[in-house]
Structures are given as structure tokens and as C-alpha cells.
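Peer 1: fold the stuff below for me.
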Amino acid sequence: MATRHLARSIILQSLYEWDFFDRKGDLNTIVNRNLDEFGPGIDEPEFARKIADGVKTHIDAIDAVITKAAPEWPLERIAIIDRNALRIGLYELLYANPEEVPPKVAINEAIEIVKNYGGPNSGKFINGVLGTIYKELEANNASKKIEDNSKEETAA
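Peer 2: The predicted structure is shown next:
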């Protein structure tokens, strides 16, 4: 198993525990314990810590995006595994350096992780939500590029 894939699996397990206990306790302590126990030979423990910290820092914004993208699924009704796989995927999609983690890799990793830990339809659910968000991001980026080009032509 690739080291980053293993790191994401450990993050998912850590977020599950943290979320299950209503975010009580220190997520960093949970992540470090799980890295020691389940990923002792992991090459990039800082990668795991960065994602976990990023999810924690941006959790309200990430949850708002999930709520908007899946309005028929209130956040508290989404299975804990699915919810946290979405959080990991969205953190990487929205906040990570796209040169380090390309958007399609972020989506694929979230889908693969949830296939291992979630229910029979979890992969399809994660794919649908993240795919919708990715398409919206791409449309917004295309609109911004057109707008920027239009401003440059007007300035010239």
C-alpha cells in the first residue's frame, strides 16, 4: 500500500474516532497514536498530520460545502465513515496544493478509502458528491479565466 494511501486511511480512522466522540479530545493526539500503531514505517507522517490539521481547521467550511452539494443528505445522517472520507477529499480538493495532490487524485483516494471502510454504496455516494463539487470548481475557474482575459483586453 502506498504510503500516502495508508496515511489517508489512518486519518480516516482518526477522524472517525474524533467525530464519533463529538470532536472531544485532541485530534493530533489521536492521529499520532494511530500513526504509531498502524503506520510505524510511514515515510511521510507530516503529510498525515497536515491533512488532519487542515480538516480540523477548515471543518466548518468543508461541512458547509458538503451540505450544499448533498442537500438531501443532512450532515448528521451521512455515515461517519462517508462524512469523514468526504472531509478528507474536500480538504485536498479545496485547500491542498494541486501540484502535490491533483484534484482527480484527491477524489480517487477518497473513493478508494471509503470502498475499504464504508458501506456498499459509499463509493458511489462519495464519487457523486466530490464529482459535483469538482465540476462546479472547474466551471468557476473557467468563468474566472474568461473574466480575467476580458479585463486584460479592456485594459490594453
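
Peer 1: residues in contact with residue 56?
Peer 2: residue 27 (Cβ atoms under 8 Å, 6 or more residues apart in numbering). Placement of C-beta: from N, CA and C, glycine included.

Peer 1: same question, residue 117
Peer 2: Contacts of residue 117 by Cβ under 8 Å, 6+ apart are 9, 12-13, 81, 85.

Peer 1: quick one: contacts for residue 129?
Peer 2: Residue 129 neighbours (Cβ under 8 Å, 6+ apart): 66, 69-70, 86.

Peer 1: before we move on, back to that, rebuild the contacts of residue 117 as CSV, extending it with neighbour count.
Peer 2: CSV is the format used below for the contacts of residue 117 (neighbours: other Cβ atoms under 10 Å):
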residue, neighbour count
9, 21
12, 25
13, 19
81, 21
85, 33
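
Peer 1: looking at these, which one is closest to residue 53?
Peer 2: Relative to residue 53, the closest of the contacts of residue 117 is residue 12; by Cβ to Cβ it sits at 14.9 Å.

Peer 1: which stretches in the chain count as helices?
Peer 2: Secondary structure of the chain (DSSP state H): helices at 3-20, 27-38, 45-57, 59-69, 80-94, 103-117, 122-155.

Peer 1: most neighbours per residue, which of these?
Peer 2: helix 80-94 (a mean of 24; mean count of other Cβ atoms under 10 Å).

Peer 1: report the angle between that one and helix 103-117.
Peer 2: Helix 80-94 and helix 103-117 are oriented at 170 degrees to each other (axes from the mean of the first three to the mean of the last three Cα atoms, to 10 degrees).

Peer 1: list the helices and strands helix 80-94 packs on?
Peer 2: Packing partners of helix 80-94 (3 or more Cβ pairs under 8 Å, 6 or more residues apart in numbering; DSSP states H and E): helix 3-20, helix 45-57, helix 59-69, helix 103-117, helix 122-155.

Peer 1: so what does the first one touch, helix or strand wise?
Peer 2: This points to helix 3-20. Looks like helix 3-20 contacts helix 27-38, helix 45-57, helix 80-94, helix 103-117 (3+ Cβ pairs under 8 Å, 6+ apart).

Peer 1: so where's the chain uncertain?
Peer 2: 1, 144-156 (pLDDT under 70).

Peer 1: picking that back up, the contacts of residue 129 into JSON lines, with extra columns for distance to residue 96?
Peer 2: What follows is the contacts of residue 129, written out as JSON lines (distance: Cβ to Cβ, whole Å):
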{"residue": "66", "distance to residue 96": "17"}
{"residue": "69", "distance to residue 96": "18"}
{"residue": "70", "distance to residue 96": "21"}
{"residue": "86", "distance to residue 96": "15"}
